[in-house]
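1. Quick one, structure for this:
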Amino acid sequence: MFICALFGVLSAVVFTDTPYELKLHILYQLQLPLALTATLVGAALSVSGATLQVVLRNPLADPGIVGITSGASLVAAVLLLATPQWAENYLHYILPVGCFIGALATTFIIYKLARRLLGSSTAVILSGIAISTLSGAAIAWLYLFSDANSLRNLTFWLMGSLYQTTWPILVVGAPLVIAALAFQFSNASKYNRLYAGDVAATSSGVDVHKLTERSLVACAVAVGAAVSMAGSIAFVGLLVPHILRLLIGHNNRLLLPLCALVGASLLLLVALCSELTRAITLPVSMITATLGGPLLIWALLKGQLR
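-> Residues are numbered from 1 along each chain as shown. Have a look, this model is predicted:
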């Protein structure tokens, strides 16, 4: 599926009547960044969702629900609206770093707040919902100070778009995603030990507290970079791990790589659908939520029946 979707995105311009030189330009400047963005963002959101669900011991954990996405989106919105004209040429470097800082700061606040209140995974989810609500309110206030053009761009970007990425943004964001995913893959066996509980995991040599903190940082890095490249994309981090656990089980050494592959394939298919409907560019979150809602309900019902 991944190879077919990747080939479809890259070859969307090949079978047209466009001149050869223009085809090469479109392939290099538009189609290849689009394919890389879909691959990296889909993998980052899916793997981060799977990791959060394990380390927080909560099946509802997701970069959007926990609040990581909202923190990155808030910083991105501020940068998109408040960057002075002289600094706009450097926005492709500022945006990934800003989103990473926003995601990391939000993660730190949520984790510390949860530990101060209850110290449980439920507290993390509730704290994340509270921070997401505050971030959403702050973004809504920013709308009041936006002109019509900025308002349209901000709205479309917050709904997710695979067409905003440029090579400079990929150069900064891609290494962050790859490094974060590598950390999560390398700790897959430790995540498996968390299923037995904190006491059993600690007795088997896992520093649960340190692993949780580092995993949250890795998720913040991956999601912050993903938001800087494609905006806020809903449902991928919640949907993909749930369906794969239903199909292949809970072994994270297999689950995490497959989450990366399926998440990348999903966003590549979304990009391909958008390429085939050239009359309008569809917001990514609209497509993922439309497809993801029924699929998640099916997965939940199938799991309940079992």
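2. In the helix ranked longest in the chain, which of the residues would be classed as buried?
-> Determined from DSSP state H, the single longest helix within the chain is helix 91-117. Judged by neighbour count using 16 or more other C-beta atoms under 10 Å, the buried positions of helix 91-117 are 91-92, 94-100, 102-107, 109-111, 113-114. Where C-beta positions appear, they are placed from N, C-alpha and C, glycine not excepted.
3. same thing with stretch 170-189?
-> L170, V172, G173, A174, L176, V177, A180, L181, F183, Q184, N187, A188.
4. Count residues in the vicinity of A35, would you?
-> 24 (other C-beta atoms under 10 Å).
5. Please determine how far T166 is located from N251.
-> 38 Å (C-beta to C-beta, to the nearest Å).
6. Kindly report the same for T290.
-> On the measure of C-beta to C-beta, T290 and N251 end up 31 Å apart.
7. Which one's more surrounded, those two?
-> Higher neighbour count among T290 and N251: N251, with 14 against 11, using other C-beta under 10 Å.
8. Nearest residue to that one in space, please, no chain neighbours.
-> N192 (6.4 Å; C-beta to C-beta, 6 or more residues apart in numbering).
9. ok, the closest residue to S161 other than its chain neighbours to N89 distance?
-> Excluding its sequence neighbours, the residue lying closest to S161 (C-beta to C-beta, 6+ apart) is G231, at 5.4 Å. Remark: distance between G231 and N89 (C-beta to C-beta) = 21 Å.
10. which one of those two has more residues nearby?
-> Between G231 and N89, counted using other C-beta under 10 Å, G231 has the larger neighbour count: 28 against 10.
11. which phi and psi does that one have?
-> Backbone torsions of G231, given as degrees, to the nearest 10, read phi 80, psi -160.
12. so what's it up against?
-> Taking C-beta atoms under 8 Å, 6 or more residues apart in numbering, we find G231 in contact with S73, A76, F156, W157, L158, M159, G160, S161, Q164, V284, S285.
13. quick one: low-confidence parts of the stretch 201-306 of the chain?
-> Applying pLDDT under 70 to the stretch 201-306 of the chain flags the ranges 277-281, 299-300, 303-306.
14. I should have written the stretch 51-200 of the chain there, sorry.
-> Looking at the stretch 51-200 of the chain by pLDDT under 70, you get 86-87, 117-121, 149, 153.
15. Next, the buried residues of stretch 201-217.
-> Quick answer for stretch 201-217 (16+ other C-beta under 10 Å): A201, V206, V208, L211, T212, S215, L216, V217.
16. Distance from the helix or strand harbouring the residue nearest to N251 to the middle of the chain?
-> Following DSSP states H and E, one finds N192 within helix 188-193. Once both centres are worked out by C-alpha atoms, centre = their mean, to the nearest Å, helix 188-193 turns out to sit 22 Å from its chain's centre.
17. For that helix, C-alpha coordinates in CSV please.
-> Provided in CSV are the C-alpha atoms of helix 188-193 (Å, rounded to 0.1, in the frame of the first residue of the first chain):
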residue,chain,number,x,y,z
ALA,A,188,9.9,-0.8,21.9
SER,A,189,10.9,-3.7,24.2
LYS,A,190,10.8,-1.5,27.3
TYR,A,191,7.3,-0.3,26.3
ASN,A,192,6.3,-4.0,26.2
ARG,A,193,7.4,-4.4,29.9
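18. packing partners for the helix or strand just after that helix?
-> Counting by DSSP H and E, the next helix or strand C-terminal to helix 188-193 is helix 198-203. When contacts are defined as 3 or more C-beta pairs under 8 Å, 6 or more residues apart in numbering; DSSP states H and E, helix 198-203 sits against helix 188-193, helix 208-230.
19. Next, the distance between the ends of stretch 180-199.
-> 27 Å (C-alpha to C-alpha, to the nearest Å).
20. which residues are contacting that stretch?
-> Residues contacting stretch 180-199 (C-beta under 8 Å, 6+ apart): 43-44, 47-48, 51, 54-55, 57, 200-201, 204, 206, 208, 211, 214-215, 218-219, 221-222, 225, 250-253, 255-257, 260.
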